[in-house]
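Trainee: got a predicted structure plus its sequence, pasted below:
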Amino acid sequence: MSRKPKNERLAKQLEEALSYHRKGDLDRARSIYRRVVDGDRSNADALHLLGMVELSSARRDAGLKLVANALRVRPLFAEGFFNDVQIVATVLSADQENDPDVLAICGASARSEEHTSE
């Protein structure tokens, strides 16, 4: 987190929500993120993380709106976008010795490393 919420209570709630988010308890995380956002509409971290919960819960429109709001609040929000990455890999051909899923993730990882060094 790069910026603290307006008060200590909201800061603690944000940390609590993040803890539930990391554990995969998205309903509980969503509820707490929502309270933080309601208490501080300019909290880019809470807006972004609530947006990520909504996106991963198939609430695409709500999630995109929240992420857009986070960007309006803090346009140079790049560090937050390294939290969530989704990769879809389709293996078109593979040898019979290696697991195609492993080959796909190795390829994605190599491309990711190449992209970050550019």
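Mentor: Alright, I've got the coordinates. Numbering: from 1, shown residues only.
Trainee: quick one: low-confidence ranges for the chain?
Mentor: 1-6, 76-89, 111-118 (pLDDT under 70).
Trainee: can you show me the helices along it?
Mentor: Applying DSSP state H to the chain gives helices spanning 8-23, 26-39, 44-56, 60-73, 100-116.
Trainee: adding mean neighbour count and distance to T90, write the ones you listed out as CSV.
Mentor: The way it works is simple: take the backbone N, C-alpha and C, and place the C-beta from them, glycine included. Shown next, in CSV, are those (neighbours: other Cβ atoms under 10 Å; distance: least, Cβ to Cβ, whole Å):
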stretch, mean neighbour count, distance to T90
helix 8-23, 16, 29
helix 26-39, 18, 27
helix 44-56, 24, 21
helix 60-73, 16, 22
helix 100-116, 12, 8
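Trainee: for these, give me CSV that also has distance to S93.
Mentor: Shown next, in CSV, are the helices of the chain (distance: least, Cβ to Cβ, whole Å):
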stretch, distance to S93
helix 8-23, 37
helix 26-39, 37
helix 44-56, 31
helix 60-73, 32
helix 100-116, 9
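Trainee: ok, which of those comes nearest A94?
Mentor: Nearest to A94 among the helices of the chain is helix 100-116; the distance by Cβ to Cβ comes to 4.5 Å.
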